[in-house]
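Undergrad: What follows is a predicted protein model with its sequence.
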Amino acid sequence: MASERITPDICVIGAGAAGLSVATAAAAFGVPTVLIERGAMGGECLNSGCVPSKALLAAAKHAAHMAHGHEFGVRATEIHVDFAKVQAHVQEVIASIAPTDSVERLTGLGVRVIKGHAKFIDRRTVSVGDVEVRARRFIVATGSSPAVPPIPGLDGGPYLTSETVFTLTDLPSHLVVIGAGPVGLEMAQAFRRLGSHVTVLDAAEALAQDEPECTAIVLAQLEREGVVVRTGVKILSIAHAIGHLAVTLETDGKEEHVGGTHLLIATGRKPVLDGLGLDAARIRYDAAGIQVNRKLKTSNRRVYAIGDVAAGQPRFTHAGNHQAGLVIRNALFRLPVRTDNTAIPHVTFTEPELAQTGLTEAQARARRLTIRILRWPYHDNDRAQAERTPHGHIKVIVDKKGRILGASIVGAQAGELISAWSLAIGQGLTVRAFTDLVVPYPTLSEIGKRAAIEYYLPGLTRPLLRRIIGYLRIFG
């Protein structure tokens with residue numbers, strides 16, 4: 001029997017990035033809002049995802065740059081990594097951001113925060129302990145958790161995931177990473193730079209969702225740094241011993257063993273659906289998550305799902321924040337919205353960074369589009385040469401009229417440079433927008449402009465144009 005019944009306009013389930021965005025926006029408009037969270041405020045992004053991983057990568061980058069300082073005439077006599085202080089740095093970064101996502105801040109904004117496990121008991125009611133919430137609209141934003149593959153022997157000993165790797169107290173001597181996606185490769189490079197031996201294993205290709213010619217540059221850098229990446233291998237089993245583990249794998253029909261001291265599972269994520277009572281609310285779902293339409297509504301018209309828990313949606317923090325804005329517009333103002341993920345970028349924060357937005361070449365050709373490919377290398381950029389970051393290039397996919405369909409950037413600050421191309425795709429711009437753009441010198445942004453100029457270069461060699469220029473010179 002519920003001891004309290006409340007009837008807000010909006011009830012958000014999950015205090016990760018997406019859920020917090022909805023709750024704070026709704027409260028800002030003066031809408032009665034309830035936020036339910038059973039775990040740590042801030043969700044995966046703050047506590048075990050984007051924030052701690054980038055903090056760890058930043059520490060590793062400092063170590064790598066010190067090691068190569070002699071290239072700039074700056075020599076460090078000795079580089080010592082204090083891993084305990086590295087992890088303390090990670091926790092300090094989390095702590096510095098945590099107040100923004102705290103119960104106190106949300107309460108101050110007018111949001112009623114309830115800590116506990118939310119469960120639908122019917123189509124429009126959620127119970128949390130002895131509290132029942134009967135809201136006009138619900139937003140499910142419970143996020144995702146690490147997906148652990150069913151490898152024989154895995155549970156026979158300790159292993160790390162993205163939720164536990166940041167609790168390590170000692171630097172691994174030899175880290176074995178299963179999974180060559182963005183998380184796996186980011187952590188592989190970070191730990192290698194901090195002093196660990198690292199081996200990455202995956203049955204599929206590394207960074208399979210990105211342009212192969214761009215991923216090759218990332219993989220080449222990892223190889224130069226000593227990270228061993230092996231793809232196309234079948235993992236048969238794992239054996240644990242005290243302070244050691246052995247992975248048995250199969251390659252081309254032959255078995256072999258890879259040893260290490262620590263194991264990190266980075267094989268993707270799965271939506272958090274357990275205990276939500278979705279059947280009672282008549283919400284359709286499957287292993288991919290909660291089924292939503294283009295408005296992010298579920299089969300229950302009172303319920304939306306956003307972020308990692310929504311099936312078919314990109315699992316990025318920025319995508320969840322974007323979806324939160326769509327829900328606010330539709331739920332509060334009844335404005336028409338439609339999800340369009342074409343221009344949502346994604347970034348792998350290795351060094352060099354790898355960023356992608358819009359269509360890849362393979363995707364464009366699969367749609368049988370008439371395309372042109374524009375490229376420009378980092379090594380022809382003065383800023384890249386000055387900072388000794390010449391590895392990488394931009395690749396732009398355009399249609400026959402020059403409209404930008406997609407862009408991939410691999411190189412320094414690719415994650416910062418990709419935003420302009422996302423804007424261009426979202427606005428339906430052509431490469432003319434970049435050729436007309438005046439960019440500061442010397443900056444890496446010149447790389448994108450030079451690629452855009454490439455679109456027009458073939459026309460400059462046409463005989464008719466040359467004759468017109470000749471006549472103008474005569475009569476000019």
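TA: Received, thanks.
Undergrad: For the stretch 301-450 of the chain, which residues score under the pLDDT cut-off?
TA: Applying pLDDT under 70 to the stretch 301-450 of the chain flags no residue at all.
Undergrad: what packs against the helix or strand residue 12 falls within?
TA: Element membership for residue 12 (DSSP states H and E) is strand 10-13. When contacts are defined as 3 or more Cβ pairs under 8 Å, 6 or more residues apart in numbering; DSSP states H and E, strand 10-13 packs onto helix 17-28, strand 33-37, strand 137-140. Heads up, the C-betas are built off the backbone N, CA and C, glycines and all.
Undergrad: pLDDT averaged over it, what's the number?
TA: With pLDDT averaged residue by residue, strand 10-13 scores 98.
Undergrad: roughly how far is it from the heart of the chain?
TA: Offset of strand 10-13 from its chain centre (Cα atoms, centre = their mean, to the nearest Å): 25 Å.
Undergrad: Okay, now the sheet partners of that strand, with direction.
TA: Looking at strand 10-13 with DSSP bridges, its partner strands are strand 33-37 (parallel), strand 137-140 (parallel).
Undergrad: which of those strands is buried the deepest?
TA: Compared across the strands paired with strand 10-13, strand 137-140 shows the largest average neighbour count, a mean of 29 (mean count of other Cβ atoms under 10 Å).
Undergrad: mind listing the strands for the stretch 151-300 of the chain?
TA: 174-178, 197-202, 228-231, 234-241, 244-251, 254-260, 262-265, 269-271, 285-286, 289-290 (DSSP state E, counting those that start in this stretch).
Undergrad: My error: substitute the stretch 1-150 of the chain in the last question.
TA: 4-6, 10-13, 33-37, 111-115, 118-122, 125-128, 131-133, 137-140, 144-146.
Undergrad: With distance to residue 253 as added columns, please give the ones you listed in JSON lines.
TA: Converted to JSON lines, the strands of the stretch 1-150 of the chain look like this (distance: least, Cβ to Cβ, whole Å):
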{"stretch": "strand 4-6", "distance to residue 253": "62"}
{"stretch": "strand 10-13", "distance to residue 253": "48"}
{"stretch": "strand 33-37", "distance to residue 253": "49"}
{"stretch": "strand 111-115", "distance to residue 253": "53"}
{"stretch": "strand 118-122", "distance to residue 253": "49"}
{"stretch": "strand 125-128", "distance to residue 253": "53"}
{"stretch": "strand 131-133", "distance to residue 253": "57"}
{"stretch": "strand 137-140", "distance to residue 253": "46"}
{"stretch": "strand 144-146", "distance to residue 253": "31"}
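Undergrad: who wins for proximity to residue 441 among these?
TA: Minimum separation from residue 441 across these (Cβ to Cβ) falls at strand 144-146, 42.8 Å.
Undergrad: Same list as before, the strands paired with strand 10-13 that is, but in TSV and with mean pLDDT and distance to residue 114 included.
TA: Converted to TSV, the strands paired with strand 10-13 look like this (pLDDT from 0 to 100; distance: least, Cβ to Cβ, whole Å):
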stretch	mean pLDDT	distance to residue 114
strand 33-37	98	5
strand 137-140	98	13
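Undergrad: Serialize those strands to TSV and add fields for distance to residue 372.
TA: Below are those laid out as TSV (distance: least, Cβ to Cβ, whole Å):
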stretch	distance to residue 372
strand 33-37	48
strand 137-140	42
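Undergrad: Nearest to residue 387 among the ones you listed would be which one?
TA: It is, among the strands paired with strand 10-13 and with distance given as Cβ to Cβ, strand 33-37, at 42.3 Å.
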